[in-house]
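Undergrad: task: produce atomic coordinates for the following.
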Amino acid sequence: MRQTRLSGGVNWVALLDEGFGAYVRGDYANALKILPSLAAQGLALAQSNLGAMYQEGHGAAQDYVEAIKWHSLAAAQGDALAQYALGWLYAHGQGVSQDCAEEIKWYRLAAAQDYDAAQSALGWAYREGQGVPQNYTEARNWYRLAAAHGDAVAQFNLGTMYDDGLEVAQDYAEAVKWYQLAAAQNLTEAQFNLGVMYHLGQGVPLNYAEAVKWYKRAAARGFTAAQSNLGSMYQQGQGVARNYVRAYMWFTFGEVSGSTAAVKNCQNLAKGLSSKKIARAKKMARDYRSRAGLAAKPCLRSETSEDHANG
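TA: Next comes the predicted model:
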């Protein structure tokens with residue numbers, strides 16, 4: 001018969017359900033009241049979630065050393081989430097010295113349990129040659145496993161491998177397939193790259209309206225290259241009605257982020273715009289940034305975005 005009570009006669013099943021439920025709901029203060037006693041009793045799920053709370057700073061001050069402590073206890077009991085978290089912490093040197101061998105060890109243990117984030121992380125490790133010899137075939141195999149489980153990052157990275165032709169025949173249609181799956185899960189980078197594919201007609205028929213649609217989705221999440229490309233679309237009248245004020249508005253996002261191409265584009269547009277229209281464009285950008293709570297994100301296919309931005 002399974003043990004259902006902790007010392008003192010406490011029903012741990014009900015208490016664990018309550019603590020885990022609080023964690024999932026984002027009620028971290030309540031979760032932090034419940035989980036420590038369960039974790040101290042050796043319950044892996046409580047240890048793992050407590051580690052995650054310290055790792056992310058949820059309900060308590062961020063403390064990577066404390067996160068390592070609880071994740072290690074849970075990982076030793078075979079908890080896949082904790083094993084993955086330990087791999088991540090060793091990879092980034094958080095709470096411990098950076099150790100690629102330990103990173104890979106824990107990722108492998110989690111991946112063996114079909115933990116998709118660990119499979120995706122192994123794909124990245126093989127792609128970059130971090131902790132393992134660089135091997136694009138192995139990278140692709142791990143990405144494919146994670147992608148089949150619906151991991152958006154793996155789907156995106158698998159798409160980039162076909163896009164770039166990394167030890168596989170370059171296949172834009174295959175790249176588009178994986179970008180679409182990741183973009184449907186709101187992965188910003190995939191939305192941007194999908195926009196590029198439609199913009200260039202790679203793997204799909206050239207379609208400026210579709211390019212604009214995907215650029216807008218990525219731009220709304222602060223992706224600088226998408227914002228710059230939208231400026232180009234409005235400047236050229238591709239997929240949208242030509243509108244120099246809106247073009248200037250989108251270029252200002254890149255200008256604020258320090259893009260030299262965006263600065264040049266703003267300067268070129270300013271030659272044909274009145275000071276009143278420039279002021280309106282800047283106000284539109286401020287209002288948009290405020291509504292969306294935007295923070296700039298790095299661009300991926302930046303060489304493409306700058307070519308587009310320059311028209």
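
Undergrad: which parts of stretch 171-182 are buried?
TA: Residues of stretch 171-182 classed as buried by neighbour count (16 or more other CB atoms under 10 Å): Y172, E174, A175, V176, W178, Y179, Q180, L181, A182. In short, each C-beta sits where N, CA and C put it, glycine included.

Undergrad: let's have those residues in TSV, adding distance to V204.
TA: TSV is the format used below for the buried residues of stretch 171-182 (distance: CB to CB, whole Å):
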residue	distance to V204
Y172	8
E174	12
A175	10
V176	5
W178	13
Y179	10
Q180	9
L181	14
A182	15
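
Undergrad: in helices, which of those residues fall?
TA: When these are checked against helices (DSSP state H), the matches are Y172, E174, A175, V176, W178, Y179, Q180, L181, A182.

Undergrad: separation between Q191 and G150?
TA: 17 Å (CB to CB, to the nearest Å).

Undergrad: now E167
TA: When distance is defined by CB to CB, E167 is 25 Å away from G150.

Undergrad: looking at the buried residues of stretch 171-182, which is nearest Y28?
TA: For the buried residues of stretch 171-182, the closest approach to Y28 (CB to CB) belongs to A182, at 29.0 Å.

Undergrad: which residues touch the closest one?
TA: Going by CB atoms under 8 Å, 6 or more residues apart in numbering, A182 touches A152, V153, Q155, F156, G159, E189, A190.

Undergrad: highest neighbour count among those residues?
TA: G159 (30 neighbours; other CB atoms under 10 Å).

Undergrad: which of the helices or strands spans that residue?
TA: Secondary-structure element containing G159, defined by DSSP states H and E: helix 152-164.

Undergrad: hang on, the earlier thing: neighbour-wise, which of Q191 and G150 wins?
TA: For the pair Q191 and G150, the greater number of neighbours falls to Q191 (27 against 12), based on other CB under 10 Å.

Undergrad: and the more buried one, what is it in contact with?
TA: With contacts defined as CB under 8 Å, 6+ apart, the neighbours of Q191 are A183, W214, Y215, R217, A218, R221, F223, A226.

Undergrad: what's downstream of the helix or strand hosting the fourth one, the next helix or strand?
TA: So the one you mean is R217. Under the assignment given by DSSP H and E, the secondary-structure element containing R217 is helix 208-219. Beyond helix 208-219 on the C-terminal side, the first helix or strand identified by DSSP H and E is helix 224-236.

Undergrad: how about the helix or strand following that next one: buried residues?
TA: Following the chain from helix 224-236 toward its C-terminal end, the next helix or strand by DSSP H and E is helix 244-256. When neighbours are counted by 16+ other CB under 10 Å, the buried residues of helix 244-256 are found to be 244-256.

Undergrad: and helix 244-256, what does it pack onto?
TA: helix 224-236, helix 260-270, helix 275-292 (3 or more CB pairs under 8 Å, 6 or more residues apart in numbering; DSSP states H and E).

Undergrad: return the distance of that helix from the chain's centre.
TA: Distance of helix 244-256 from the chain centroid (CA atoms, centre = their mean, to the nearest Å) equals 25 Å.

Undergrad: same question, stretch 160-172
TA: Shown here is stretch 160-172, whose average C-alpha point lies 21 Å from the average C-alpha point of the whole chain (CA atoms, centre = their mean).

Undergrad: and the end-to-end length of it?
TA: The straight-line separation of the ends of stretch 160-172 (CA to CA, to the nearest Å) is 9 Å.

Undergrad: what comes into contact with it?
TA: When contacts are defined by CB under 8 Å, 6+ apart, stretch 160-172 is touched by residues 127, 136-137, 139-140, 143, 174-175, 178, 193, 197, 202-204.

Undergrad: from those, which would you call buried?
TA: Buried residues within these, defined by neighbour count using 16+ other CB under 10 Å: 127, 136, 139-140, 143, 174-175, 178, 193, 197, 202-204.

Undergrad: let me know the average pLDDT across stretch 283-290.
TA: In this model, stretch 283-290 carries a mean pLDDT of 89.

Undergrad: who's in contact with it?
TA: Residues outside stretch 283-290 that contact it (CB under 8 Å, 6+ apart): V245, R246, M249, W250, T252, F253, L294.

Undergrad: between these, which is closest to Q113?
TA: Of those, the one sitting nearest to Q113 (CB to CB) turns out to be L294, at 37.6 Å.

Undergrad: wait, what's in contact with F20?
TA: Taking CB under 8 Å, 6+ apart as the criterion, F20 is in contact with A31, L45, A46, N49.
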